[in-house]
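Novice: model this:
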Amino acid sequence: MNTTATNLGNEIVEVLRNPSYRLTGIVEISRLSERDRSELLRRIKEYALPLLQQPEFANLQALGPRLITPAPHYGLDGQWSNYWDVEHYGKEGICAWVVSAMPPPELLVHLSQANRTVAPDGNSYLLRWHIARSLQVLHARRDLPAVREWLAPVHKIWLPVPDPGRERWVCLEGEDRAPTSQGDAFELDSACWQALTGDPLEYTLADAIGTAMAAAGMTGQCHTIRLGIARAHLIAARKAGLSRQQDLISYVTMMTLNGDALAESAAWKQAVAEASELKRPLADALQAPLSCQPR
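Specialist: Sure, this is the predicted structure:
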């Protein structure tokens, strides 16, 4: 079920009225500015726990994903304060909000089992399970015994939904029970592994257009909105016949900065047509500077 950013807080509060539940946030610390990262960690202090718990990932912990947990004595007010600290200082890196009856230190150890995942080829890999897309894929594959047990202690989880126009969230239901077994890694079948692969170009572009938008004075879009923008333009680029990666990158970047003006530009349409026929790269096909400004 989808919800707006405005309603998200209300939904979380209603769940936390049951004192059995604790709210934890998953935050990609590396996405935050140095200023926001320092302030968030100062406020949360020792309760921003690295998700990469295995010794072999120790060198990634400083800038790896964190589980933001409430202090043991926190009630509803304290957890609400944590929520707003993350919303204010960690918004760029929020991957999920998780509610569980399992104590946060135990939840950390339990969820960290998915860091080392066995692929269909029999080898173990570091899985970025904490990003929203991965969590949605895994939730949809609860038919896999290992995944079902891994998600067992989750009561509810809210994930950001890529949308080019506004901030939206989807709430997924868990089983709200203690897991019956635990292991150091879990195995995924080929269909699940393929679904997890997704389109890495979307994420690369979400970061790239963020830099371009900031330089053009277009601020205020969080990572998830930028991901929605990148995805929408990437779909349009492929529909227009573009296939080379550099052409896709050029299309998404230019449409993000100059979309309204480009829609009416004959030079742009001609350039896209030439690039789609592999005659020239899109950037080269634009023979004259486009007379448009960022919208």
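Novice: Hmm, Val118 and Ser124 touching each other?
Specialist: Yes - using Cβ atoms under 8 Å, Ser124 is in contact with Val118, at 5.5 Å. For glycine as for every other residue, the C-beta is placed from the backbone atoms N, C-alpha and C.
Novice: okay, the two: which has more neighbours?
Specialist: Comparing Ser124 with Val118 by other Cβ atoms under 10 Å, the one with more neighbours is Val118, at 18 against 15.
Novice: Excluding chain neighbours, give the residue nearest to that one in space.
Specialist: Spatial nearest neighbour of Val118, chain neighbours left out: Glu187 (4.3 Å); criterion: Cβ to Cβ, 6 or more residues apart in numbering.
Novice: which residues sit in contact with that neighbour?
Specialist: Neighbouring residues of Glu187 by Cβ atoms under 8 Å, 6 or more residues apart in numbering: Thr117, Val118, Leu144, Ala146.
Novice: And those residues, which is closest to Ala273?
Specialist: Thr117 (43.1 Å; Cβ to Cβ).
Novice: quick one: that closest one is in a helix?
Specialist: No - read with DSSP: H, G, I helix; E, B strand; the rest coil, Thr117 is strand and lies in no helix.
Novice: and it, what is it in contact with?
Specialist: By Cβ under 8 Å, 6+ apart, the contact list for Thr117 reads Ser124, Tyr125, Leu126, Leu127, Trp129, Ala185, Phe186, Glu187, Leu188.
Novice: pLDDT and distance to Val15 added to the contacts of Glu187, as a markdown table?
Specialist: Putting the contacts of Glu187 into a markdown table (pLDDT from 0 to 100; distance: Cβ to Cβ, whole Å) gives the following:
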| residue | pLDDT | distance to Val15 |
| --- | --- | --- |
| Thr117 | 90 | 29 |
| Val118 | 87 | 33 |
| Leu144 | 92 | 26 |
| Ala146 | 89 | 26 |
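Novice: Dump those to CSV, plus distance to Arg22.
Specialist: Output for these, formatted as CSV (distance: Cβ to Cβ, whole Å):
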residue, distance to Arg22
Thr117, 26
Val118, 30
Leu144, 26
Ala146, 24
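Novice: Tell me the one of those residues nearest Glu92?
Specialist: Within the contacts of Glu187, the smallest distance to Glu92 is 26.1 Å, found for Thr117 (Cβ to Cβ).
Novice: so the closest one bridges to which residues?
Specialist: Counting by DSSP bridges, Thr117 is bridged to Tyr125, Phe186.
Novice: And it, how far from Glu28?
Specialist: 18 Å (Cβ to Cβ, to the nearest Å).
Novice: So which of the contacts of Glu187 is the closest to Met254?
Specialist: Thr117 (37.2 Å).
Novice: I'd like the distance between the closest one and Gly210.
Specialist: For Thr117 relative to Gly210 (Cβ to Cβ), the value is 28 Å.
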